[in-house]
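*Asks:* Would you be able to build a 3D model of this:
(one chain, ligands or ions: 1)
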Amino acid sequence: MSLPRYVTHEVFNQSPPYEDVDLFAIDRPLQDAVRANGGRDAGLSEFGRHWGSADMMAQGRLANENPPRLKMFDAKGFRRDVIEFHPAYHHFMAESIGAGLHVSTWSPDGNVAGPPNEVERAARYYMVAQIENGHMCPITMTRASVGALRADPTLLARLMPKIASRSYDPRFLPWWEKTGITLGMGMTEKQGGTDVRANSTRAEPAGDHYRITGHKWFMSAPMCDAFLVLAQAPDGLTCFAMPRFAPDGSVNGLRLQRLKDKLGNRSNASCEVEFVDAFAWRVGEEGRGVRTIIEMVQLTRLDCAIASAGLMRMALAQAVHHTRHRTVFQKRLADQPMMRALTADLALEVEAAVAVVMRLARAFDHASGNAEESGRARLLTPAVKYWVCKTAPAFIYEAMECLGGNGYVEDGMLPRLFREAPVNAIWEGSGNVMCLDVLRALARDGEAARAVLASFVTAVPRPEAKTAAAFIAETLTAPDAEAQARAAVEQLAVLAAAAALAESGLPDVATLFAGARLGRRRGATYGTDSLDATAAAHLLARAIPV
Ligand SMILES: Cc1cc2nc3c(=O)[nH]c(=O)nc-3n(C[C@H](O)[C@H](O)[C@H](O)COP(=O)(O)OP(=O)(O)OC[C@H]3O[C@@H](n4cnc5c(N)ncnc54)[C@H](O)[C@@H]3O)c2cc1C
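*Replies:* Modelled structure (predicted):
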């Protein structure tokens, strides 16, 4: 073949871009999980097509290549304390708020909207995380903040119309002048993030409000319109709502010090902040700060798990897509036995991850007024966050390797997914803290936890499930439970995932997963599970139709 002058070679054997896909229609495990947990398909395919477009993928790259910048001062030295974002970031905020991801699980008056809103929102969140996860930080905090604000019905009634709005308004104005608002959260201080009781920030009563002085070492999405913060009031650690503007219209005393230079999550701003006599409303009783804000944290933990499952799904899709188009030694990579075993094993992990997060979302949907589902949500939220969020980084790395050198290069999406993944395990309670929380749930209501475990054994009637349940119960109640908890909590989440697959009408996949993750001794990497050829073909066809 003759080539035009200056063209040195023909480009071939590269996979076409993975874009312009319907993120819902192409994803059988997601469809099955949505249906099994009471969700309706209505609108999900349209949403999936829109978010899977080449344009949205390009916007995701732009939002992360152009991270936010803190503008502390204006040209004349006056303090501004504002964040400047790339238009792509604003684009995503408008899209997610327009779709109601920040509020769809609440009714307009701030009550629980009820089933299947959690499941349907989780499905959307899962798809959004595949495209751009950073902007979901303020989205998830806004939806979760309502959980804590419910401790103060009067304040909630004032803020809820602005929270419930589906109009994104990025202007730096008092919250009451805006068409819609977002909320953030400030708990972590320099001396402690896990141990918030050591918070040194002080709150002084000042009539119908408080004045807060101190700092937060991490406070994400600082352009939010208000923040739920913890501070020491006279009667102990208390939850407050701190708006960016005081009621008289002046800029409130939040002084942004610096933006964190983060490994990933780069489209999202995370700041260090000082509070200078900042105006705030108390939320809940003095001294009950942890109790109040935990209502918010439970919801953000669920979202961390959904987001990590979404990151894994996109990494898997990129790997399967590439291996179907790349030929090595005269054979498609997807037909090489070892690559098939590896990608099928990755697909199995995503089957389990999406099944368990959607089942957990259903537990949240039904928790109010249903002791069994609220017990399940209480026990499994930390366990599922622990397992899914910890699985994601190693999983994404393995998917990256399926693309060879292309996987490591920033032009593709894998490096961003890889850098994004660890934060979900660290924030909203790091790994060990999740295990301690499982122990706490067990100590508070052992009977409910035993019932949840028993339901898993019924759902997965296999010897390895029974053995795992016995190991979990024994380990988590042993005198040295803290030292042993990580292994048992991991098994708890894996067993919950096998049960979720079985409950989704996928007993074959449940059996494969239980056998591979609970039964046989497993290698340290994916692709070491000896799945047979039929199982591999089944899993890969479910991952992306051939
Ligand atoms: C990008 C980013 C954004 C963030 N945004 C926010 C935000 O918006 N608002 C906010 O409040 N915080 C935010 N954080 C802070 C985050 O929530 C904390 O970093 C996290 O909770 C851990 O707290 P720490 O950093 O003080 O670590 P530590 O509390 O010192 O914990 C260090 C390690 O010790 C482990 N550990 C703690 N206690 C025990 C124990 N008893 N036994 C065994 N191990 C234990 C933890 O699991 C962890 O691995 C953000 C963090 C990051 C990275």
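
*Asks:* I'd assumed Q257 was in a strand, is it?
*Replies:* Yes - assignment of Q257 by DSSP: H, G, I helix; E, B strand; the rest coil places it within a strand.

*Asks:* can you pull the contacts of it?
*Replies:* By CB atoms under 8 Å, 6 or more residues apart in numbering, Q257 lies in contact with C271, E272, V273, E274. Heads up, the C-betas are built off the backbone N, CA and C, glycines and all.

*Asks:* And the pLDDT at it?
*Replies:* On the pLDDT scale, Q257 is placed at 98.

*Asks:* Helices of the stretch 201-350 of the chain, start to end?
*Replies:* Under the criterion DSSP state H, counting those that start in this stretch, the stretch 201-350 of the chain carries helices at the ranges 289-325, 337-366.

*Asks:* Next: the stretch 1-150 of the chain.
*Replies:* Residue ranges of the helices in the stretch 1-150 of the chain, as given by DSSP H, counting those that start in this stretch, are 28-36, 44-51, 54-65, 87-98, 117-131, 136-149.

*Asks:* re the thing from before, I'd like to know which of the contacts of Q257 are buried.
*Replies:* The neighbour count (16 or more other CB atoms under 10 Å) marks C271, E272, V273 as buried among the contacts of Q257.

*Asks:* How confident was the prediction at A42?
*Replies:* So A42 comes in at 84 (pLDDT).

*Asks:* of all the residues in the stretch 351-500 of the chain, which ones are close to the ligand?
*Replies:* Taking CB under 6 Å from any ligand atom, the part of the stretch 351-500 of the chain that reaches the ligand is made up of V423, I426, W427, S430, G431, N432, V433, L436.

*Asks:* Of those residues, which belong to helices?
*Replies:* V423, I426, G431, N432, V433, L436 (DSSP state H).

*Asks:* Neighbours of the first one, how many?
*Replies:* Counted with other CB atoms under 10 Å, the burial measure for V423 works out to 24 neighbours.

*Asks:* Next one, pLDDT for it please.
*Replies:* For V423, the model assigns a pLDDT of 98.

*Asks:* Likewise for the last one?
*Replies:* pLDDT, the model's per-residue confidence, is 98 for L436.

*Asks:* Pretty sure Y125 sits against A307.
*Replies:* Yes - in this structure Y125 lies within contact range of A307 using CB atoms under 8 Å: 6.8 Å.

*Asks:* Now flag whichever of the contacts of Q257 is closest to A353.
*Replies:* C271 (30.9 Å; CB to CB).

*Asks:* Which one (most neighbours) among the ones in helices among the residues of the stretch 351-500 of the chain next to the ligand?
*Replies:* V423 (24 neighbours).

*Asks:* List the contacts of the nearest residue to it once chain neighbours are set aside.
*Replies:* Closest residue to V423 apart from its sequence neighbours, by CB to CB, 6 or more residues apart in numbering: N265 at 5.0 Å. By CB under 8 Å, 6+ apart, the residues touching N265 are N133, G134, C137, R419, E420, V423.

*Asks:* Disregarding flanking residues, what is the spatial nearest neighbour of I97?
*Replies:* That would be Y168: by CB to CB, 6+ apart, it lies 4.3 Å from I97.

*Asks:* Find the closest residue to the ligand in the chain.
*Replies:* Residue nearest to the ligand within the chain: G193 (2.2 Å; CB to the nearest ligand atom).

*Asks:* tally of neighbours for that residue?
*Replies:* Applying other CB under 10 Å, I find that G193 has 19 neighbouring residues.

*Asks:* residue contacts, the residue nearest to I97?
*Replies:* H90, M93, A94, I97, G98, G180.

*Asks:* Over to L311?
*Replies:* A129, Q130, N133, A392, I396, L417, E420, A421, N424.

*Asks:* Going by secondary structure, Y397 is in what exactly?
*Replies:* Using DSSP states H and E, Y397 falls within helix 371-402.

*Asks:* Next, the angle from that helix to helix 289-325.
*Replies:* 40 degrees (axes from the mean of the first three to the mean of the last three CA atoms, to 10 degrees).

*Asks:* how close does K390 get to A488?
*Replies:* Shown here: K390 relative to A488, a distance of 14 Å by CB to CB, to the nearest Å.

*Asks:* thinking again about what came up before, can you lay out the buried ones among the contacts of Q257 as JSON lines showing pLDDT?
*Replies:* Listed next are the buried ones among the contacts of Q257 as JSON lines, based on pLDDT from 0 to 100:
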{"residue": "C271", "pLDDT": "98"}
{"residue": "E272", "pLDDT": "98"}
{"residue": "V273", "pLDDT": "98"}
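
*Asks:* Out of those, list just those in strands.
*Replies:* Within those, residues falling in strands by DSSP state E are C271, E272, V273.

*Asks:* Include distance to the ligand when you put the residues you listed into TSV, please.
*Replies:* Output for those, formatted as TSV (distance: CB to the nearest ligand atom, whole Å):
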residue	distance to the ligand
C271	9
E272	10
V273	10
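
*Asks:* Contact partners for the nearest residue to P87 once chain neighbours are set aside?
*Replies:* Spatially, and ignoring its direct neighbours in sequence, P87 is nearest to L62 (8.0 Å; CB to CB, 6+ apart). L62 makes contact with H86, P87, A88, according to CB under 8 Å, 6+ apart.

*Asks:* go again using 10 Å as the cut-off
*Replies:* L62 makes contact with H86, P87, A88, Y89, H91, E132, S267 under the criterion CB atoms under 10 Å, 6 or more residues apart in numbering.

*Asks:* Which among those count as buried?
*Replies:* H86, A88, Y89, H91, E132, S267.

*Asks:* any idea how far H90 is from the fifth one?
*Replies:* The reference is to E132. 12 Å.

*Asks:* related to what we said a few turns ago, what packs against the helix holding Y397?
*Replies:* Here helix 371-402 touches helix 289-325, helix 337-366, helix 414-426, helix 431-444, helix 446-459, helix 481-503, going by 3 or more CB pairs under 10 Å, 6 or more residues apart in numbering; DSSP states H and E.

*Asks:* Report the inter-axis angle for that helix versus helix 446-459.
*Replies:* 60 degrees.

*Asks:* Any buried residues in helix 371-402, and which?
*Replies:* For helix 371-402, burial by neighbour count (16+ other CB under 10 Å) applies to 373-393, 395-402.

*Asks:* what's the distance between it and the middle of its chain?
*Replies:* Put simply, helix 371-402 sits 10 Å off its chain's centre (CA atoms, centre = their mean, to the nearest Å).

*Asks:* for stretch 261-281, same thing?
*Replies:* 19 Å.

*Asks:* Quick check: end-to-end length of it?
*Replies:* Stretch 261-281 has an end-to-end distance of 31 Å (CA to CA, to the nearest Å).

*Asks:* One more: stretch 85-104?
*Replies:* Distance across stretch 85-104, first residue to last, is 25 Å (CA to CA).
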